[in-house]
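Participant: Test case, fold it:
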Amino acid sequence: MMPFARYFCIFINVGLGEGSALPVGVPVPWPSATPPTGWLKCNGAAFSAEEYPELAKAYPTNKLPDLRGEFIRGWDDGRGVDSGRTLLTNQEHAVISHNHGIPTKVGSVTNIPYGIEQVISDETIFSSAKTVGVDYWSNSERVFTYTTGGRNGAESVSSPDASSLIKETRPRNLAFAYIVRAA
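Facilitator: Numbers count the residues shown, from 1 in each chain. Purely as a prediction, here's the structure:
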């Protein structure tokens, strides 16, 4: 068993204070708005290479990354998942192209998935095109083109660009401030 003093020494050296085992320039999530001594917020601010020479080696532009409201993504490094990216580059949001179907049903159709509620009579179901639907986030009208493929009621739905329905796509998350060891 490791003696307490040695265990405690290892614990202290991995920490955030003087003698930290974390290299200068490593971003770390921090649960407070104020970073500890020797650390800076990752807020896009410029810094002095003379004051922080080791930090300037990690960030040669002498500017900290701005990680406010951002997720860190692992660099592709030739894997092909996110090709063409270089280290320390930003990337805008994106939503993969996709479709949402609606069930095939001859006759009345109600409570279609994804919040669209519309009653379509037997006569309407066989027309070549109808506009139905509401935006279920705000209950404002959205244009969904409803087309049928004949008596069996096969249909397709085309809708506006999915990214226009909400302002972002994001996973569940917990907000932390990112800080970087400066010295």
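Participant: May I have the distance across stretch 62-70, first residue to last?
Facilitator: Criterion Cα to Cα, to the nearest Å; first-to-last residue distance in stretch 62-70 is 20 Å.
Participant: All the helices of this protein, residue numbers only.
Facilitator: 4-14, 53-58, 122-125 (DSSP state H).
Participant: Compare the mean pLDDT across the ones you listed and name the weakest.
Facilitator: Per-stretch mean pLDDT for those is lowest at helix 122-125 (a mean of 40).
Participant: Other residues contacting stretch 65-74?
Facilitator: The contact list for stretch 65-74, computed with Cβ atoms under 8 Å, 6 or more residues apart in numbering, reads 27, 42, 43, 44, 59, 82, 88, 90, 91, 173, 178, 180. To be clear about C-beta, it is placed using only N, CA and C from the backbone, and glycine gets the same treatment.
Participant: and this protein, what are its domains?
Facilitator: What automatic domain parsing lists as the domains of the chain is 24-69, 99-161.
Participant: Now the terminal residues of the shortest one, how far apart.
Facilitator: Okay, so that is domain 24-69. By Cα to Cα, one end of domain 24-69 lies 22 Å from the other end.
Participant: Stretch 43-62 too?
Facilitator: With Cα to Cα as the measure, stretch 43-62 spans 13 Å from end to end.
Participant: Make 34 the starting number, not 1.
Facilitator: That works, and once the first residue is 34, the last one we named lands at stretch 76-95.
Participant: need the contact list for the closest residue to residue 92 other than its chain neighbours.
Facilitator: Spatially, and ignoring its direct neighbours in sequence, residue 92 is nearest to residue 58 (6.5 Å; Cβ to Cβ, 6 or more residues apart in numbering). Shown in contact with residue 58 (Cβ under 8 Å, 6+ apart): 87, 88, 90, 91, 92, 213, 214.
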